[in-house]
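> Need a 3D model of the sequence below.
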Amino acid sequence: SATVSSSTATSTATSTATLTATATATATQADRTPGTATPTMTATIPATVPPSATATWSATATPSVTATPSATATSTTVETHTPTATATWTPSPSPSSPAGVQVLSNGGFENDVDGDGVPDDWQVSGPDPTLVSRSGDQTYEGDFSMLASSLGWQSYVVYQDIPVNPGESYSFSGWMNVPRTSGWFRASAQLVELDTSGRVLNTITARDQTAATSGWVPSQASVSVRLTTATLRVQLRLQVLRADVWVDGFSLTRTK
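Now for the predicted structure:
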């Protein structure tokens, strides 16, 4: 609502009079949301007022609005990160064998129960598993040995894996016989430490043979298992083989 103040001017004269008047009105507004209105009023009366005339002010309100800023809500998001638990696999210790006990299976190469020609419990990694066989032609002990034979430059590995625990110690021994060869080759009896993912951590060579032998020759090595070792591999590694290689009496015993 607005309250307007008006003025009434009365002029009495015997002649024509010139009257100029200006009136100011103030308007108030009860509800000033969102802004505050301050009206300005201007009154104009005729320039010539007849004698004995009564001039009446006529007011026109022209509101002038001043905007009052309204508050604007601003949403602020605070990002909270909750750590995701990551499972860590810790290998369980393998059952330990008593000290002095043979932990290799079929280390004398006597058994071939499945009849595939390869001594039981030994694996062949290479293009032609038939290059490895159980043989009775050359033996150091028992009735059979293992023969790795090739004249075609093949390379492959014959191995057996044994689960072990960190801090344990093992001793390896075995025998090798290379009665004939048709060229350069390499035959290596080795111990290989592997971690849980099968990555090679350490390789110890018990015997490295590159020429014919004059009968059976020994292979020996020992190893202290590393903290990250999960498997100890006993292997016969053949490289560019052009020979007949017999091995027998492989033994791996725990010493600590």
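
> measure the closest residue in space to L131 that isn't next to it in sequence to P98 for me?
Of all residues not flanking L131 in the chain, S150 sits nearest, at 5.2 Å (C-beta to C-beta, 6 or more residues apart in numbering). For the C-beta atoms, the positions are set from N, CA and C on the backbone; glycine is no exception. Distance from S150 to P98, counting by C-beta to C-beta, to the nearest Å: 39 Å.

> Give me the more crowded residue out of these two.
S150 (21 against 8; other C-beta atoms under 10 Å).

> Contacts only, for that one.
Counting by C-beta atoms under 8 Å, 6 or more residues apart in numbering, S150 touches L131, L238, L241, R242, A243.

> hmm, try it at 7 Å
L131, L241, R242 (C-beta atoms under 7 Å, 6 or more residues apart in numbering).

> ok, back up a step: torsion angles phi and psi at the residue nearest to L131?
Phi and psi for S150, reported as degrees, to the nearest 10, are phi -170, psi 140.

> Beta-bridge partners for it, please?
Beta bridges link S150 to A243, judged by DSSP bridges.

> That one and T130: what is the separation?
For S150 relative to T130 (C-beta to C-beta), the value is 10 Å.

> Then M146?
13 Å.

> So between the two, which is more surrounded?
Taking neighbours as other C-beta under 10 Å, M146 and T130 compare with M146 leading, 22 against 10.

> Please look at that one and P119 and confirm they touch.
Yes. Counting by C-beta atoms under 7 Å, P119 is a contact partner of M146 at 5.4 Å.

> joint contacts of the two?
Common neighbours of M146 and P119, counting by C-beta under 7 Å, 6+ apart, are F109, R134.

> ok, residues contacting stretch 206-214?
172, 174, 176-181, 184-191, 219-221.

> let's go with 6 Å and repeat that
With C-beta atoms under 6 Å, 6 or more residues apart in numbering as the test, stretch 206-214 has contacts from F172, M176, N177, V178, T181, R186, A187, S188, A189, S219, Q220, A221.

> buried sites along the helix or strand containing Y156?
Y156 belongs to strand 145-163 when assigned by DSSP states H and E. Going by neighbour count (16 or more other C-beta atoms under 10 Å), the buried part of strand 145-163 is 145-150, 154, 156-158, 160-162.

> Check stretch 190-205 too.
Q190, L191, V192, E193, L194.

> The second one contacts S219, correct?
Spelled out, it's L191. No. The pair L191 / S219 is not scored as a contact, 10.2 Å apart, by C-beta atoms under 6 Å.

> quick one, what contacts A189?
G174, A206, R207, S219, L236.

> Report pLDDT for it.
A189 is assigned 98 on the pLDDT scale.

> where does it land in three-state SS?
Secondary structure for A189, judged by DSSP: H, G, I helix; E, B strand; the rest coil, is strand.

> got the CA positions of the host helix or strand of S173 in PDB?
According to DSSP H and E, S173 maps onto strand 169-181. The C-alpha trace of strand 169-181 is given here as PDB (Å, rounded to 0.1, in the frame of the first residue of the first chain):
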ATOM      1  CA  SER A 169      68.300 -76.100   2.900                       C
ATOM      2  CA  TYR A 170      68.700 -78.900   0.300                       C
ATOM      3  CA  SER A 171      71.400 -81.100  -1.100                       C
ATOM      4  CA  PHE A 172      71.300 -82.600  -4.600                       C
ATOM      5  CA  SER A 173      73.300 -85.400  -6.100                       C
ATOM      6  CA  GLY A 174      73.200 -87.500  -9.300                       C
ATOM      7  CA  TRP A 175      75.100 -89.200 -12.000                       C
ATOM      8  CA  MET A 176      75.600 -88.500 -15.700                       C
ATOM      9  CA  ASN A 177      77.000 -90.500 -18.600                       C
ATOM     10  CA  VAL A 178      77.600 -89.300 -22.100                       C
ATOM     11  CA  PRO A 179      79.400 -92.200 -24.000                       C
ATOM     12  CA  ARG A 180      79.100 -90.600 -27.500                       C
ATOM     13  CA  THR A 181      78.400 -87.400 -29.200                       C
END
